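Engineer: Got a predicted structure plus its sequence, pasted below:
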Amino acid sequence: MSAEQRMREKLMLGLNPTRLDIINESELHAGHRSSPGTGESHYRILVVSEAFAGRSRVERHRLVNELLADELAGRIHALALKTYAPGEQIA
């Protein structure tokens, strides 16, 4: 299973999002010293979930990071997050 598939599965189960966009940006970092060259190291995620209602941005990011802890400890080098509760304007 790819890193993207594992992240999608964990976020779907853990957050029940109404929107989940996962974009692999690894190719943008190819050749950088810290890039492992796996093609699965840098991701941008946008997630909209009721689980974020009433939580600060830091709390939301911590929740996502907890759900993806195994990936962040291994293959994933960088994760850019945008987290919203339903009804919040997406930037």
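Structural biologist: Cool, the structure landed.

Engineer: which residues sit in contact with V64?
Structural biologist: L11, L15, I45, V47, L79, L81, T83 (CB atoms under 8 Å, 6 or more residues apart in numbering). Where you see a C-beta, it was placed from the backbone N, CA and C, and this is true even at glycine.

Engineer: Equivalent analysis for G54, please.
Structural biologist: So G54 contacts A85 (CB under 8 Å, 6+ apart).

Engineer: Likewise for the one 3 residues further on?
Structural biologist: R57 sits next to T83 when contact means CB under 8 Å, 6+ apart.

Engineer: Okay, it and L79: tell me how far apart.
Structural biologist: Separation of R57 from L79 (CB to CB, to the nearest Å): 14 Å.

Engineer: Produce a PyMOL select command limited to the buried residues of the contacts of V64.
Structural biologist: To isolate the buried ones among those in PyMOL, judged by 16 or more other CB atoms under 10 Å, type:
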select buried, resi 11+15+45+47+79+83
